[in-house]
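Q: model the following, please.
(one chain, ligands or ions: 3)
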Amino acid sequence: MSKELSLQETGSLLMAAQKIVLCTHVSPDGDTLGSSLGLAKFLLQRGKEVIVFCDDLLNKSFSFIPGLELVQRPEAGTVVEADLLVVMDASSFDRIGIVGEVVKYQQLLNIDHHISNTRFADYLYLNAKAAATGEIMCELFQAMEWPITKEMAECFYIAISTDCGSFRYGNTTPKTMRAGAWLLEQGVQPNEISDKLEMKSRLTMEMLAKVLPSLTFEAEGKIAYLTITNDIYNKEANTDSFVNYPRYIEGVEIAIMFKAVEKKVTRVSMRSSNVDVAQVALSFGGGGHIRAAGCTIYAPVEEAREQLLAELRKLV
Ligand code: AMP
Ligand code: MN
Ligand code: MN
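A: Residues are numbered from 1 along each chain as shown. Ligands and ions are numbered 1, 2, ... in the order given. Have a look, this model is predicted:
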């Protein structure tokens, strides 16, 4: 069980540490990367020793995030000592891959906004009402009166826009909008960020063309899903937005994307208009939010699909 901290206590814990490792979750997205990099830039300015770890490949589509060159992949068998390990935007310890083994830390802090948070860290700052960990970063900087640069602001704007669909999803609150406004006041150009977030490689588009024919409906059209089979899967493509295609179809309540990342490893993304998909994801060892959740099922894609659909059919 974690000790839950206030923003002030979170800020003080960060300031008290000298050697800090920040880490993202695996299958990194704009929120985990933007939040980690914006905070890393600030801590570096404060003279801290900072390492940013991500135990996964970084998709080329993220190369525009300021400070991305700071991100390192931990090597198995190595040891990195730290006063503080900070897990950003991850709700369980297994979401950070081997970072948990490589880093020998004195204290473990988790900053997160997932309702499915497992309270694994020594210290936790959790705000499940925040649209993104990037929104929590804005509140932290404001509470601590930490100076923010344009680059840090860009990082947090990327983080927030990623998780709230550029301020369109149901998790967007007045606080999310105020955080966005504050970041614009620091010089962020929203069109520049949104153009870069929307930009897709040709490879990604070609893959989408191969994946769309797999669109299948179930439960009288209340469930729709896409499947990326092993032969189509290419880790260079950014498939994060693909689940939006089944999501915005009339009558669809739950949209799913199944991605065969290995022969017996299937990554699942779920989106829903109402049904609590976080609960379903949790029951498969994953997590997320009520309307956006995911899990990894250790089975071939067809089998994983049957297992998950059996649960989802009960809900619609
Ligand atoms: P995604 O479908 O990958 O965009 O993820 C949707 C939400 O579910 C995000 O908040 C993720 O952090 C969360 N999520 C996805 N996969 C997992 C997993 N295997 N374990 C825990 N949370 C996950
Ligand atoms: Mn995330
Ligand atoms: Mn997030």
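Q: show me where the stretch 201-316 of the chain has its helices.
A: 202-211, 244-247, 277-283, 301-313 (DSSP state H, counting those that start in this stretch).
Q: ligand 2 is nearest to which of the ones you listed?
A: Closest approach to ligand 2 among the helices of the stretch 201-316 of the chain is made by helix 277-283 (13.0 Å; Cβ to the ion). Every residue, glycine included, has its C-beta placed from N, CA and C.
Q: ok now the closest one, how far from the chain's centre?
A: 16 Å (Cα atoms, centre = their mean, to the nearest Å).
Q: mind listing residues that contact that helix?
A: Under the contact criterion Cβ atoms under 8 Å, 6 or more residues apart in numbering, helix 277-283 has outside partners 114-116, 254, 268, 270-271, 287-295, 308, 311-312, 315.
Q: just the strands in this structure please.
A: 3-4, 19-23, 49-53, 71-72, 80-88, 103-112, 123-126, 216-218, 223-228, 254-262, 265-272, 287-288, 292-297 (DSSP state E).
Q: any chance of these in TSV, with mean neighbour count, distance to ligand 2 and mean pLDDT too?
A: Listed next are these as TSV, based on neighbours: other Cβ atoms under 10 Å; distance: least, Cβ to the ion, whole Å; pLDDT from 0 to 100:
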stretch	mean neighbour count	distance to ligand 2	mean pLDDT
strand 3-4	12	20	98
strand 19-23	25	12	99
strand 49-53	21	15	98
strand 71-72	18	15	98
strand 80-88	23	9	98
strand 103-112	21	9	98
strand 123-126	21	14	98
strand 216-218	14	27	98
strand 223-228	23	20	98
strand 254-262	22	16	98
strand 265-272	24	12	98
strand 287-288	22	9	94
strand 292-297	22	9	97
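Q: as TSV, the ones you listed with distance to Asn238 would be great.
A: Converted to TSV, the strands of the chain look like this (distance: least, Cβ to Cβ, whole Å):
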stretch	distance to Asn238
strand 3-4	34
strand 19-23	21
strand 49-53	20
strand 71-72	16
strand 80-88	20
strand 103-112	23
strand 123-126	28
strand 216-218	23
strand 223-228	12
strand 254-262	12
strand 265-272	13
strand 287-288	19
strand 292-297	15
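Q: any chance of those in TSV, plus distance to ligand 1?
A: As requested, the strands of the chain are exported to TSV (distance: least, Cβ to the nearest ligand atom, whole Å):
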stretch	distance to ligand 1
strand 3-4	20
strand 19-23	14
strand 49-53	17
strand 71-72	17
strand 80-88	11
strand 103-112	9
strand 123-126	13
strand 216-218	18
strand 223-228	12
strand 254-262	7
strand 265-272	3
strand 287-288	3
strand 292-297	2
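Q: before we move on, back to that, dump the helices of the stretch 201-316 of the chain to JSON lines, plus mean pLDDT.
A: Putting the helices of the stretch 201-316 of the chain into JSON lines (pLDDT from 0 to 100) gives the following:
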{"stretch": "helix 202-211", "mean pLDDT": "98"}
{"stretch": "helix 244-247", "mean pLDDT": "97"}
{"stretch": "helix 277-283", "mean pLDDT": "97"}
{"stretch": "helix 301-313", "mean pLDDT": "98"}
